[in-house]
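> need coordinates for the below:
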Amino acid sequence: MNRLVGRLGLARYSGLYVFAFFVLVHSLWLPNTFPTGTTLQSVASNQAITGVAALGLVCALSAGAFDLSIANVVGLSSTVAAALTVQAGLSPASAIAIVLGMGLAVGLVNGLLIVRFRIPSVVATLGMSSILMAFDDRITEGQFITPLPPSFTELTKGSLLGIPIPFLALIVVALLTWYLLEHTPLGRRMIATGAGADAARLAGTNTGRMTVAGLVISGVLGSLAGLMLVSTIGTAAPNSGPAYLLPLFAAVYLGSTQIKPGRFNIWGTIVALYVLATGVKGLQLAGGQYWVAELFNGAALIIAVGVAISAQERRRSLLGRLRPRRRAEPTAGPGDPDPGESRGPDATRREARDEYAGPRS
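Numbering: from 1, shown residues only. The predicted structure is shown next:
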C-alpha cells in the first residue's frame, strides 16, 4: 500500500485526484450544465479574486503571522476604489495606486502592532478587521456604489486565447509570489521565520522584519483582489469582505497538504482553491442552497487542519523512533575519581602542563 501511495503521488497530489473525481462525477450527473465552456470560464474567473488574496495569506502565514484582516482588506479596497472613481471622479490609475498604497499601509500597521507592541497576530489583525469594516460601513452607508466607469470595468473583461483575464492575473501573481518565497533570500528567511522564529533569530535573521514583510505583501495582494472584485462586478457592495475569510483559510490550509505537505505553498493553494470551487459549483448547479459553499469550505478547513496535525504527529513519532539511543556513560571504579566532580582550575592547569611541557631539564 505504501508503494502504491508513493507511485500515485497521493501524499502530494491527492488534490488533483479529487479534482478529477469531482469533474467526472458532476459531468455525469449534470451533463447539460457542468461540462461546458461557460462553467469552466466562470469558475476560473470568479475564483481568481479569492486566489490572489489567498496568495497574500500564504505569505503572511509563511512568515508566522495570522492575517484575519485580509478579507476586510478585500472588501474595503473595492469600496474605496468605487468611491474614488464614482464619487471623487479620479482616474482608474490614480484609484488603483491609492488602493494599493492603502493595502500596504494596513499590512505595515499590522506588522508594527505585532512586532513592536508584541500583540498576538490573531488579536491585532482581528482588531484591524473590525476597524476596516467600520470604514467600509462609513463610506457605503449601507448602499451600493455604482456604476463604475467603463475604463475601470474593462480591465478584467475579455480573455486571451480563451483564458479569462482574471485567471491570467492570478497565474502571474502566483509566479511572482512563488519566485519570491522559493528563490529569493527574503522568501527563504520568511519561511524560516514561520517554521521556527527562535531558530531563525539565532541564525541571524531579523524575524521582526520578516513578519512585517509577510503582512505587507498580504495587505497589497488583498487590495489587488479588491480591485479585481469591483472591476469584475462593476459595483461596490457594503460589507463584501467577510464572505472571503472562510474560503481563504480553507484554500490555504488545504493547500498545505498538497505539493509540499506540511508547508504553506503557492501551487498547493491554487490546487486546493479550484478543488473546492469545483465541488461547490457542481452542488450549486444541482440545485444546492446558498449555504452549500459555507458548509463545503468549513468541512474542508476542518479536514485540512486535521490532516496537517496528524501528519505532523506522524513525523514526530518517526523522528523519535529513528533518534539513536544515548549510550550509557561508564561508571567510575572504586579508586577512580568521580567524573562529575569538579577538579578546579589548578588541577586542569597541572594536567595541561604535564601533557605539553615535556620533560623538565
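
> mind picking out the helix or strand in this protein with the poorest mean pLDDT?
helix 344-356 (a mean of 48; mean pLDDT, DSSP states H and E).

> can I assume residue 50 is in contact with residue 272?
No - assessed by C-beta atoms under 8 Å, residue 50 is found out of contact with residue 272, at 10.9 Å. No exception for glycine: its C-beta is placed from N, CA and C like everyone else's.

> so what sits against both of these two?
Counting by C-beta atoms under 8 Å, 6 or more residues apart in numbering, the common neighbours of residue 50 and residue 272 are residue 251.

> so who does the residue most central in space within the chain touch?
Nearest residue to the geometric centre of the chain (C-alpha atoms, centre = their mean): residue 58, 1.8 Å. Residues in contact with residue 58 (C-beta under 8 Å, 6+ apart) are 177, 181, 252, 255, 264, 265, 266, 269.

> among those residues, which ones are in helices?
177, 181, 252, 255, 266, 269 (DSSP state H).

> now the second one: closest residue in space, sequence neighbours ignored.
Beyond its immediate neighbours in the sequence, the residue positioned closest to residue 181 (C-beta to C-beta, 6 or more residues apart in numbering) is residue 187, lying 3.8 Å away.

> just the element for the one you found, please.
helix 185-195 (DSSP states H and E).

> which helix or strand lies directly C-terminal to that helix?
Next along from helix 185-195, by DSSP H and E: helix 197-202.

> just the mean pLDDT for that following helix, thanks.
Helix 197-202 shows an average pLDDT of 94 in the prediction.

> tell me the helix or strand right after that helix.
Counting by DSSP H and E, the next helix or strand C-terminal to helix 197-202 is helix 207-233.

> now the angle from that next one to helix 185-195?
100 degrees (axes from the mean of the first three to the mean of the last three C-alpha atoms, to 10 degrees).

> re the thing from before, name the residues of the helix holding residue 187 that are buried.
Buried residues in helix 185-195, counted by 16 or more other C-beta atoms under 10 Å: 187, 188, 189, 190, 191, 192, 193, 194.

> need the contact list for the second one.
To tie it back to what came earlier, the one meant is residue 188. 181, 182.

> same check, this time on the first one
If a contact means C-beta under 8 Å, 6+ apart, then residue 187 has 62, 179, 180, 181 as its contacts.

> buried subset of those?
Buried by 16+ other C-beta under 10 Å: 62, 180, 181, out of these.

> closest to residue 308 among those?
residue 62 (14.4 Å; C-beta to C-beta).

> how about that closest one, what does it touch?
Contacts of residue 62 by C-beta under 8 Å, 6+ apart are 181, 187, 190, 191, 194, 214, 263, 264.

> what pLDDT does the last one get?
Read that as residue 264. For residue 264, the pLDDT comes out at 94.

> wait, it sits on residue 257?
No - using C-beta under 8 Å, residue 264 is not in contact with residue 257; the gap is 10.5 Å.

> so for these two, which sits in the more crowded spot?
residue 257 (24 against 21; other C-beta atoms under 10 Å).

> that one touches residue 307, doesn't it?
Yes - proximity of residue 257 to residue 307 meets the contact threshold set by C-beta under 8 Å, at 5.2 Å.

> which neighbours do the two have in common?
In contact with both residue 257 and residue 307: no residue, using C-beta under 8 Å, 6+ apart.

> which residues of the protein score low on pLDDT?
By pLDDT under 70, the low-scoring segments of the chain are 1-9, 323-361.

> check which helices and strands the helix ranked longest in it is in contact with.
In the chain, taking DSSP H as the definition, the longest helix is helix 292-322. Packing partners of helix 292-322 (3 or more C-beta pairs under 8 Å, 6 or more residues apart in numbering; DSSP states H and E): helix 245-255, helix 266-285.

> relative to helix 266-285, how tilted is that helix?
140 degrees.

> neighbours of residue 235, just the number please.
Applying other C-beta under 10 Å, I find that residue 235 has 17 neighbouring residues.

> how about the contacts made by it?
Residue 235 neighbours (C-beta under 8 Å, 6+ apart): 82, 144, 145, 146, 147, 148.

> any idea which of those has the most stuff around it?
Result: residue 82 is most packed of the contacts of residue 235 (other C-beta under 10 Å), 26 neighbours.

> which helices and strands does the helix or strand that contains that residue pack with?
Residue 82 is part of helix 70-82 when elements are defined by DSSP H and E. In terms of contacts (3+ C-beta pairs under 8 Å, 6+ apart), helix 70-82 is packed against helix 37-62, helix 92-115, helix 121-140, helix 207-233, helix 245-255.

> let's have the ones you listed in CSV, adding distance to residue 27.
Converted to CSV, these look like this (distance: least, C-beta to C-beta, whole Å):
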stretch, distance to residue 27
helix 37-62, 10
helix 92-115, 39
helix 121-140, 39
helix 207-233, 26
helix 245-255, 22
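
> out of the ones you listed, nearest to residue 154?
Taking those one by one with C-beta to C-beta, helix 207-233 is closest: 8.2 Å.

> by contact count, what packs against that closest one?
Taking 3+ C-beta pairs under 8 Å, 6+ apart as the contact cut, helix 207-233 packs with helix 37-62, helix 70-82, helix 92-115, helix 150-153, helix 165-183, helix 185-195, helix 197-202.

> re the thing from before, leaving out sequence neighbours, find the closest residue to the residue nearest to the centre of the chain.
residue 264 (4.9 Å).

> equivalent analysis for residue 30, please.
residue 285 (5.3 Å).

> for residue 231, same thing?
residue 156 (4.4 Å).

> please look at that neighbour and residue 168 and confirm they touch.
No - contact criterion C-beta under 8 Å: residue 156 and residue 168 do not qualify, at 10.0 Å.
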